[in-house]
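Undergrad: Fold the following for me, if possible:
(one chain, ligands or ions: 1)
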Amino acid sequence: ADIQTDVVIIGSGGAGLAAAIEAHDAGKEVIVLEKMPMVGGNTLRATGGLNAAGTSVQAELGIEDSVEVHYEDTMTGGYDMNNPELVQIFTENASDAVEWLLELGGDFNDVGRLGGSTNNRSHRPSGGAAVGPELVRTLRAAVEARDIEIMIETTAIEILSEDGKIGGVVAMNKDGQEFTVAASAVILATGGFGANSTMLVEWDSALEGFGTTNQPGATGDGITMAAAIGAGLVDMEEIQTHPTAVPSNGSMITEAVRGNGAILINKDGQRFVNELATRDVVSEAMLAQEGEIGLLFFGDDIRESLSAIEGYIKQGIVTEGSSIEELAGKLGIDAETLQGTVDTYNGLVDSGVDAEFGRDDMPRGIEEGNVYVIEVGPAVHHTMGGVRINGSAQVLNADGEVIQGLFAAGEAVGGIHGGNRLGGNALADIIVFGRVAGQSAADL
Ligand code: ADP
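TA: Numbering: from 1, shown residues only. Predicted coordinates for the structure are as follows:
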């Protein structure tokens, strides 16, 4: 072999870095391979939080929550298709994962609530900073403090296995040179396949032509490599779309725009859905509209309520009018229809009941003044399926037998989120099972 180590980890997102720290702290020599020029994967893009029940941060803020309720929320959110054993391990260990990150020096001292959660349990940095960069910063600092090697622009292309035993991986550097890394333990932390359009369509043909919110490295390599040596796959057709992505560049518009009062209209200038229904419902309704898009429509007071909107304006993705009539003209929508939609909606806000679509939270109507539209459409966001693992993060074959020496964690794994992942559950899951994978690999 060209390189020899104890544990080789493929992928440097949250799962891979957490695994690297644990395997190192258990006394093993670790090498992390990352195919992209940067560390962090999709984890870096995360904007939600880490869901955990029973943390010191919740206690400090006087929030009551329990592992049982987190478990129930996760199962219900996943349409009860989740693997109960994995969900049990996930929810039981999530608070410990948050405490571990706090000890590593991270700031996860604010707690909010994301869709599908009964209690406030989504841990994020105080002061409104995005959670993904803070999570990657925290883990990276710990990896660097331990002198763990991360080889960037290095792609794992094959898992070596002989007589049912893992022997390491074949990798390729950016100049196309192949080399082997010999190791008795391999941890797959390669993320999902949300940026691999061929693989997406293979598992769900309805996703033909969809954009993605994923980083370009999310191509399912780990799943494909593991399947090639007999790993079992679960829930591969369970793919989550995010309803408000920008079709031209795949960037995401935060749900807070709708939360703060924006409505969705179609090209006829009419509302067509409860804007705050779950991601799958809003996505589906949008696909039934002309052009398979929606227009996120809001006024000045919503713009003022959310600093993110200034960023969207800078990106040039917001169409603006000084009046409804002017905006309608720019969009080619009949001005009277749009005015009618606004008047009707404002009436519903005043009455407190959305008799049209059943939206239960309407914080404000559309005031007179400047009005804005962002064209949005559903994009692939998260792939719930992946390789099959047991509670020790060991990869299982199709018959449920352990593949000795092969471990997996993070979005590369299937079964934890069932048919629909709740916001905030992925970041917590990747840390919990990343740690388990690192510890199990060290125990080998
Ligand atoms: P998670 O934290 O759930 O594992 P992320 O998407 O954050 O998921 O991280 C996965 C990482 O794995 C990404 O940085 C991605 O570029 C990397 N990766 C994917 N395939 C390979 C591969 N074949 N070789 C090396 N790194 C890979």
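Undergrad: shouldn't G414 be in contact with V387?
TA: Yes. Contact criterion Cβ atoms under 8 Å: G414 and V387 qualify, at 6.5 Å. Bear in mind the C-beta positions are built from the backbone N, C-alpha and C, glycine included.
Undergrad: so what sits against both of these two?
TA: Common contacts of G414 and V387 (Cβ atoms under 8 Å, 6 or more residues apart in numbering): 233-234.
Undergrad: Just list whatever residues bridge to the closest residue to E149 other than its chain neighbours.
TA: Closest residue in space to E149, ignoring its immediate chain neighbours: I31 at 5.2 Å, by Cβ to Cβ, 6 or more residues apart in numbering. Assessed by DSSP bridges, I31 has beta-bridge partners V8, E149.
Undergrad: Can you give me the buried ones in stretch 261-278?
TA: 261-266, 269-277 (16 or more other Cβ atoms under 10 Å).
Undergrad: need the next SSE after the longest strand anywhere in the chain, C-terminal direction.
TA: Longest strand in the chain, counting residues (DSSP state E): strand 371-383. Downstream of strand 371-383, the first helix or strand assigned by DSSP states H and E is strand 386-387.
Undergrad: tell me which strands and helices that next one is in contact with?
TA: helix 221-228, strand 233-234 (3 or more Cβ pairs under 8 Å, 6 or more residues apart in numbering; DSSP states H and E).
Undergrad: Tell me the strands beside the shortest one, with direction?
TA: Spelled out, that is strand 233-234. strand 386-387 (antiparallel).
Undergrad: Please state the offset of the next helix or strand after the partner strand from the chain centre?
TA: As assigned by DSSP H and E, the chain's next helix or strand after strand 386-387 is strand 394-396. From the chain centre to the centre of strand 394-396 is a distance of 23 Å (Cα atoms, centre = their mean, to the nearest Å).
Undergrad: what does strand 394-396 contact?
TA: 188, 226, 231-232, 387-390, 402-403, 406-408, 440.
Undergrad: Buried among those residues? Make that a ChimeraX selection.
TA: In ChimeraX, a selection of the buried entries from the contacts of strand 394-396 looks like this (16+ other Cβ under 10 Å):
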select :188,226,231,232,387,388,389,390,403,406,407,408,440
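Undergrad: Now cross-check the contacts of strand 394-396 against the ligand and list the overlap.
TA: Filtering the contacts of strand 394-396 for proximity to the ligand by Cβ under 6 Å from any ligand atom leaves nothing.
Undergrad: and the residue of the stretch 201-350 of the chain nearest the ligand?
TA: Nearest residue of the stretch 201-350 of the chain to the ligand: G217, at 2.7 Å (Cβ to the nearest ligand atom).
Undergrad: Kindly report the same for the stretch 301-444 of the chain.
TA: G410 (2.6 Å).
Undergrad: Just list the residues touching that residue, thanks.
TA: With Cβ under 8 Å, 6+ apart, G410 has these contacts: 11, 13-16, 189-191, 429-430, 433-434.
Undergrad: which of the residues you listed are close to the ligand?
TA: Answer for those near the ligand (Cβ under 6 Å from any ligand atom): 11, 13-16, 189-191, 430.
Undergrad: what about the helices in the stretch 51-200 of the chain?
TA: Using DSSP state H, counting those that start in this stretch, the helices of the stretch 51-200 of the chain run over 56-60, 67-77, 84-103, 131-145, 197-203.
Undergrad: Name the residues of the fourth one that are buried.
TA: Buried residues in helix 131-145, counting neighbours by 16+ other Cβ under 10 Å, are found at 131-140, 142-143.
Undergrad: Check whether that helix comes near the ligand.
TA: No. Shown here: helix 131-145 not in contact with the ligand (Cβ under 6 Å from any ligand atom), separated by at least 8.2 Å.
Undergrad: who touches that helix?
TA: Contacts for helix 131-145 (Cβ under 8 Å, 6+ apart): 13-14, 17-18, 20-21, 32, 39-40, 43-50, 101, 104-108, 123-125, 150, 427, 431.
Undergrad: try the last one
TA: Counting by Cβ under 8 Å, 6+ apart, the neighbours of helix 197-203 from elsewhere in the structure are 193-194, 207-208, 210, 212, 219-220, 224, 236-237, 239, 380, 383, 385.
Undergrad: Ok, the second one next?
TA: Contacts of helix 67-77 with the rest of the structure, by Cβ under 8 Å, 6+ apart, involve 51-54, 82, 84, 87-88, 90-92, 94-95, 116-119, 121, 417-418, 420-422, 425.
Undergrad: one more time with 7 Å, if that's ok
TA: Helix 67-77 is contacted by residues 51, 53-54, 82, 87-88, 91-92, 94, 116-119, 121, 420, 422, 425 when judged by Cβ atoms under 7 Å, 6 or more residues apart in numbering.
Undergrad: secondary structure class for the residue of the chain positioned farthest from its centre?
TA: Centroid-distance maximum for the chain: E336 at 39.8 Å, with Cα atoms, centre = their mean. What DSSP: H, G, I helix; E, B strand; the rest coil gives for E336 is helix.
Undergrad: pLDDT value on the residue lying closest to A218 once chain neighbours are set aside, please?
TA: Excluding its sequence neighbours, the residue lying closest to A218 (Cβ to Cβ, 6+ apart) is A195, at 4.1 Å. For A195, the pLDDT comes out at 96.
Undergrad: For burial, what's the neighbour tally of A195?
TA: Residues lying near A195 (other Cβ atoms under 10 Å) number 21.
Undergrad: Would you agree it is in contact with T213?
TA: No. Using Cβ atoms under 7 Å, A195 is not in contact with T213, being 9.1 Å away.
Undergrad: thinking again about what came up before, please pick the buried ones from the contacts of helix 197-203.
TA: 193-194, 207, 210, 212, 219-220, 236, 239, 380, 383, 385.
Undergrad: Name the residue of the stretch 51-200 of the chain that lies nearest to the ligand.
TA: G191 (2.8 Å).
Undergrad: okay but that residue is in contact with T43, surely?
TA: No. Between G191 and T43 no contact is recorded; they are 8.2 Å apart, counting by Cβ under 7 Å.
Undergrad: where does the stretch 101-250 of the chain dip in pLDDT?
TA: For the stretch 101-250 of the chain, no stretch has pLDDT under 70.
Undergrad: same deal with the stretch 251-400 of the chain?
TA: Scanning the stretch 251-400 of the chain residue by residue, none of them satisfies pLDDT under 70.
Undergrad: All the strands of it, residue numbers only.
TA: Assigned by DSSP state E, counting those that start in this stretch, the strands in the stretch 251-400 of the chain fall at 263-265, 294-299, 318-321, 371-383, 386-387, 394-396.
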